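Chemist: My questions concern the predicted model and sequence given below.
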Amino acid sequence: GENVEQHPSTLSVQEGDSAVIKCTYSDSASNYFPWYKQELGKGPQLIIDIRSNVGEKKDQRIAVTLNKTAKHFSLHITETQPEDSAVYFCAASNRNFGNEKLTFGTGTRLTIIP
Amino acid sequence: GAVVSQHPSRVICKSGTSVKIECRSLDFQATTMFWYRQFPKQSLMLMATSNEGSKATYEQGVEKDKFLINHASLTLSTLTVTSAHPEDSSFYICSARKGQESGYTFGSGTRLTVV
């Protein structure tokens, strides 16, 4: 099955600086890679996703890059703000053949230092 | 956007009792919903895939007789933790997808504490 590794487990960034979180996956058939933000006591919230036919996607201060050959994808947050502090999870799935199972990374606790 | 509502948000029950958690898709129909379990400071672990009108598919190691899943309609899936024990205390989260090209939307989670 799919295995997703995520680094770092914790990350502290000065407000205004950029944060980068990296994930690798094992199953070359995976073709959908979402990123979730989870605040304490709440369910995960989708912040951005990317499909395997795209190398990069951007939404305001958030961007995701995908390297299919190396089987890794990264989340980039620019101009960080205190409200970006949360736990971030990457995930991977293969949406072909009706397989919808998401495999999550281990999470990164991001702290933005004011 | 797609909205998934989960209820209750918190529940405390005594050992040996059963607890039901509801997951509703509010503005879309979901033939498939997913149930996850999350321990403190850990990732989400898929427990089972809930299929409308048929039996749920459980992940390896998840006791289907303990975690009963019912997906009786296209907008509602329920997870019942039967004969709960303290080790069942955890954060349970459901998710669903609005359509083939949509991302997965998660409920707000249920904090279960068994005393």
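Modeler: Alright, I've got the coordinates.
Chemist: All the strands of chain B, in order from the start?
Modeler: With strands called from DSSP state E, chain B shows them at B:4-7, B:10-13, B:19-25, B:32-38, B:44-51, B:57-58, B:67-73, B:76-81, B:90-97, B:104-106, B:110-114.
Chemist: Make a markdown table out of those and add distance to chain A, mean pLDDT and mean neighbour count.
Modeler: To be clear about C-beta, it is placed using only N, CA and C from the backbone, and glycine gets the same treatment. Converted to a markdown table, these look like this (distance: least, CB to the nearest CB, whole Å; pLDDT from 0 to 100; neighbours: other CB atoms under 10 Å in any protein chain shown):
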| stretch | distance to chain A | mean pLDDT | mean neighbour count |
| --- | --- | --- | --- |
| strand B:4-7 | 7 | 96 | 19 |
| strand B:10-13 | 9 | 97 | 14 |
| strand B:19-25 | 10 | 97 | 21 |
| strand B:32-38 | 6 | 94 | 23 |
| strand B:44-51 | 5 | 92 | 20 |
| strand B:57-58 | 9 | 94 | 16 |
| strand B:67-73 | 14 | 91 | 17 |
| strand B:76-81 | 14 | 96 | 22 |
| strand B:90-97 | 5 | 94 | 24 |
| strand B:104-106 | 4 | 92 | 23 |
| strand B:110-114 | 7 | 97 | 19 |
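Chemist: Could you find the residue in chain A that comes nearest to chain B?
Modeler: A:Gly43 (3.9 Å; CB to the nearest CB).
Chemist: was I right about that residue contacting B:Tyr104?
Modeler: No. Look at A:Gly43 against B:Tyr104 with CB atoms under 8 Å: they stay out of range, at 10.6 Å.
Chemist: what residues do the two have in common as contacts?
Modeler: Common contacts of A:Gly43 and B:Tyr104 (CB atoms under 8 Å, 6 or more residues apart in numbering or on different chains): B:Ser95.
Chemist: what's the spacing between the residue of chain B most remote from its centre and chain A?
Modeler: In chain B, counting by CA atoms, centre = their mean, B:Glu101 sits farthest out from the average C-alpha position, at 22.4 Å. Per CB to the nearest CB, to the nearest Å, B:Glu101 is found 9 Å from chain A.
Chemist: can you pull the pLDDT of that residue?
Modeler: B:Glu101 is assigned a pLDDT of 72 by the prediction.
Chemist: cool, and A:Gly98?
Modeler: 60.
Chemist: re earlier: doesn't the residue of chain A closest to chain B fall inside a strand?
Modeler: No. Under DSSP: H, G, I helix; E, B strand; the rest coil, A:Gly43 falls outside any strand and is assigned coil.
Chemist: Tell me the bridge partners for the nearest residue to it once chain neighbours are set aside.
Modeler: Leaving out its chain neighbours, the residue that sits closest to A:Gly43 by CB to CB, 6 or more residues apart in numbering or on different chains is B:Phe106, at 3.9 Å. Beta-bridge partners for B:Phe106, by DSSP bridges, are B:Ser95.
Chemist: B:Phe106 contacts A:Lys37, correct?
Modeler: No. Using CB under 8 Å, B:Phe106 is not in contact with A:Lys37, being 10.7 Å away.
Chemist: that older thread, reformat the strands of chain B as JSON lines; add distance to A:Cys23.
Modeler: Formatted as JSON lines, those follow (distance: least, CB to CB, whole Å):
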{"stretch": "strand B:4-7", "distance to A:Cys23": "24"}
{"stretch": "strand B:10-13", "distance to A:Cys23": "31"}
{"stretch": "strand B:19-25", "distance to A:Cys23": "27"}
{"stretch": "strand B:32-38", "distance to A:Cys23": "18"}
{"stretch": "strand B:44-51", "distance to A:Cys23": "14"}
{"stretch": "strand B:57-58", "distance to A:Cys23": "25"}
{"stretch": "strand B:67-73", "distance to A:Cys23": "28"}
{"stretch": "strand B:76-81", "distance to A:Cys23": "28"}
{"stretch": "strand B:90-97", "distance to A:Cys23": "19"}
{"stretch": "strand B:104-106", "distance to A:Cys23": "16"}
{"stretch": "strand B:110-114", "distance to A:Cys23": "27"}
